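Q: The following comprises the amino acid sequence and a computationally predicted model.
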Amino acid sequence: MAAEDQPNPMEEFLRQFGIQPGPDGTFDLGQLMGPLQQAMQQFSRQMSAAGAGSGDGLNWRFVKDIARKVTAAAGPDPSPSASDAVAIRDTVGLADLWLDQHTAFDRTNAPAATWSRAEWVEGTIATWEQLAGSVSTSLAGAVGSLLQRAEPEAAPMMAMMEPMMKMAATGMLSAQVGQGIGQLATDVVSGSDLGFPLTAKPVTALLPTNIAHFAEGLDTPIADVRLYLALREAARQRLFANVAWLGPQMLALIEHYARHITIDASAFEEAMEAQMQGGLTPERMEEFGQQMAGRLFQPTLTSEQVEILGRLETLVANVEGWVDDVVAQTTATLMPRADALLETVRRRRASAGPSETALKTLLNLELRPRRVRDAANVWAAVRSAKGVEGRDAVWAHPDLVPTGADLDDPLGFAEHGHVGGSAAPEMDDLDAMLARLIEQERGSDGDAPREDGEG
């Protein structure tokens, strides 16, 4: 098809609202004003009905609605029964009792929670809003770039349509973020299964539906699987509750990473043109948000994002490696199938499964803490040399926690601390920024913490 015979996206979009070009194929801007204003009012009413906001910010009501639809489409998601709640409560109580002997950290005293997938979405949505909200800044830049590329004669019309285009773009991105959160909800077995905290306050939450899926094909009673996963979740919650700097620093790293996400201009323009040809409705934005999942973000990372990702992967490896060591010691004489369950967890962690796909959809984040085994060896070496108290005391300050280089030398770290000495390196600009974010999160004016990434 010759270029002149191809449909014009703007003309196709305007036709959806009954706006036709004149005999010469051009539009009279004066005559366009009334129909175009009516079209924008109609679209605004549709978006209001869907809960969409205006401006550049993501629409979190729409995000949550899409996430709930994704969980519903993944299969039955019944509200946990009273017997489920009792089983989880008793299991978490037993897990805490066992853990008391194998960690220096006190239990959180937070109630055990039994969540459906939909309840996981509800329970974590505020944190996702914090982490992903800054992506809208990149989106606003993409809208502006698209408007600037319009033909000069179309500039007045594009300026009139800018508010509607921004609403459509944020609606599409909101649908993509909702898709990612919904995918995570179908895969995680507990509240902090991803290795970082997703609730404002400690809560030991387990998802019976996903635990049952995790247990499929395992030669282990479901009660043992549930207890093993409860031990891991309760251990993580103790760590996050007792180490005040850890959760805020992990979330600050993710938030700063997300702030520098770049929208793929060609993919974005393709999606906008397709929406314009088909009419702008919440349903169309949901459809394109799902189709664009994994394509909307620029795949290339900045050097700063690469550095942040290295730090984050090291922190997650340290968290999960510490959990591996604590739970291995806890179950050594009490749960014969624990080693097999640990291998299942490790295989699940190593595979590019639904959680990894969902994080890429959400934040273009390929979080692969490859060195969890190395971190577990470091924590085991420290425990062997200095006992449980000595191992857990390493979490007292971010400068004491193993770096990527330390994971290469477990015995050296156990004996001497950081490779090259224990003095804290000079704080760089990124560290200073993260420290400010953490202080804001904690509402304190204390000493600024830092954490070194892989070397």
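A: On my side now, so go ahead. Numbers count the residues shown, from 1 in each chain.
Q: so what's Ala87 up against?
A: When contacts are counted by Cβ atoms under 8 Å, 6 or more residues apart in numbering, Ala87 is found next to 208, 223, 226. All C-beta spots, glycine's among them, are computed from the backbone N, C-alpha and C.
Q: swap in Thr204?
A: 92, 108, 110-113, 190-191, 230, 233-234, 237.
Q: Name the member of those with the most neighbours.
A: With neighbours defined as other Cβ atoms under 10 Å, the most crowded of those is Ala234; it has 32 neighbours.
Q: For Val177, see how far away the residue nearest the centre of the chain is.
A: With distances taken as Cα atoms, centre = their mean, Leu359 lies nearest the centre of the chain, 5.1 Å away. To Val177, Leu359 is 11 Å away according to Cβ to Cβ, to the nearest Å.
Q: circling back: buried members of the contacts of Ala87 into ChimeraX, please.
A: To isolate the buried subset of the contacts of Ala87 in ChimeraX, counting by 16 or more other Cβ atoms under 10 Å, use the following:
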select :208,226
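Q: Okay, and which of the contacts of Ala87 map to helices?
A: Of the contacts of Ala87, the ones assigned to helices by DSSP state H are 208, 223, 226.
Q: Please, which helix or strand holds the residue lying closest to the first one once chain neighbours are set aside?
A: Counting by Cβ to Cβ, 6 or more residues apart in numbering, Pro208 lies nearest to Asp84, which is 4.9 Å off, once chain neighbours are set aside. Secondary structure assigned from DSSP states H and E places Asp84 in helix 82-99.
Q: which strands and helices sit next to the helix or strand that that helix is followed by?
A: Remark: after helix 82-99, the chain's next helix or strand is strand 112-114, criterion DSSP H and E. Packing contacts for strand 112-114, counted by 3 or more Cβ pairs under 8 Å, 6 or more residues apart in numbering; DSSP states H and E, involve helix 82-99, strand 204-206.
Q: Give me whichever of those is most buried.
A: Comparing the helices and strands packed on strand 112-114 on average neighbours per residue, with mean count of other Cβ atoms under 10 Å, the densest one is strand 204-206 at a mean of 27.
Q: Run the chain-centre distance for that strand.
A: 18 Å (Cα atoms, centre = their mean, to the nearest Å).
Q: tell me the mean pLDDT over it?
A: Across strand 204-206, the average pLDDT comes to 97.
Q: Stretch 340-353 now?
A: Average pLDDT, stretch 340-353: 88.
Q: Give me the buried stretch members for it, please.
A: Within stretch 340-353, the residues that count as buried by 16+ other Cβ under 10 Å are 341-342, 344-345, 349.
Q: So what touches that stretch?
A: Outside stretch 340-353, the residues that touch it by Cβ under 8 Å, 6+ apart are 187, 214, 218-220, 224-225, 228, 232, 320, 324, 327-328, 335, 369-370, 372-373.
Q: Now list the buried members of those residues.
A: By neighbour count, with 16+ other Cβ under 10 Å, these hold 187, 214, 220, 224-225, 228, 232, 320, 324, 327-328, 335, 369, 372-373 as buried.
Q: And the furthest pair within the residues you listed?
A: Pairwise distances across the buried ones among the contacts of stretch 340-353 (Cβ to Cβ) peak at 25.5 Å, for the pair Asp224 and Pro369.
Q: hmm, back to that, could you export the ones in helices among the contacts of Ala87 as CSV, including distance to Ile263?
A: Shown next, in CSV, are those (distance: Cβ to Cβ, whole Å):
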residue, distance to Ile263
Pro208, 38
Ala223, 47
Arg226, 42
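Q: List just the nearest of the residues you listed to Gln183.
A: Nearest to Gln183 among those: Pro208, at 18.9 Å, using Cβ to Cβ.
Q: Let me see the contact set for the closest one.
A: Pro208 makes contact with 80, 84, 87-88, 114, 226 under the criterion Cβ under 8 Å, 6+ apart.
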